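Enquirer: what's the 3D shape of this:
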Amino acid sequence: MKNILAIQSHVVFGHAGNSAAEFPMRRLGANVWPLNTVQFSNHTQYGKWTGCVMPPSHLTEIVQGIADIGQLAHCDAVLSGYLGSAEQGEHILGIVRQVKAANPQAKYFCDPVMGIRKRAVSWRLASQSSMCVMRYPPAILSRLT
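Expert: Model (predicted):
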């Protein structure tokens, strides 16, 4: 069974990010390790939502906890999606490097979610989202496989 660290959003009502991705990946036989960048009441396309953006250090601390119990070497892939803040991008790249150090065969898939339909996305968040491809070339596997 493949182990996939899925770093993306979570919504309580509806399906987006990890709340959409977990089920099909599990049905395909993957063991999904969901790590949420945000916890929102619903998808942002409703125009109104509540919830919180996880502090970037939270992401790093959770993954370090997995490393501390010796399981990071069993991670076969990292999938990153919706970023709740631009600062999360650097932490996610650090996580990818940490996973690759523990398992050099691990793949990285970057789904650069950069905004909400009919709304402008900030240049800063867009540049952080797209940096996964520019600064970590294996991320080019995104959406092609």
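
Enquirer: looking at this structure, which helix or strand is least sure?
Expert: Averaged element by element with mean pLDDT, DSSP states H and E, the chain has its least confident helix or strand at helix 123-135 (a mean of 50).

Enquirer: what does the pLDDT read for the nearest residue to Glu87 once chain neighbours are set aside?
Expert: Leaving out its chain neighbours, the residue that sits closest to Glu87 by CB to CB, 6 or more residues apart in numbering is Pro56, at 4.6 Å. Every residue, glycine included, has its C-beta placed from N, CA and C. Pro56 carries a pLDDT value of 96.

Enquirer: so what's Pro56 up against?
Expert: The neighbours of Pro56, taking CB atoms under 8 Å, 6 or more residues apart in numbering as the test, are Ser85, Glu87, Gln88, Glu90, His91.

Enquirer: compute the number of surrounding residues for the second one.
Expert: Number of residues near Glu87 (other CB atoms under 10 Å) recorded here: 16.
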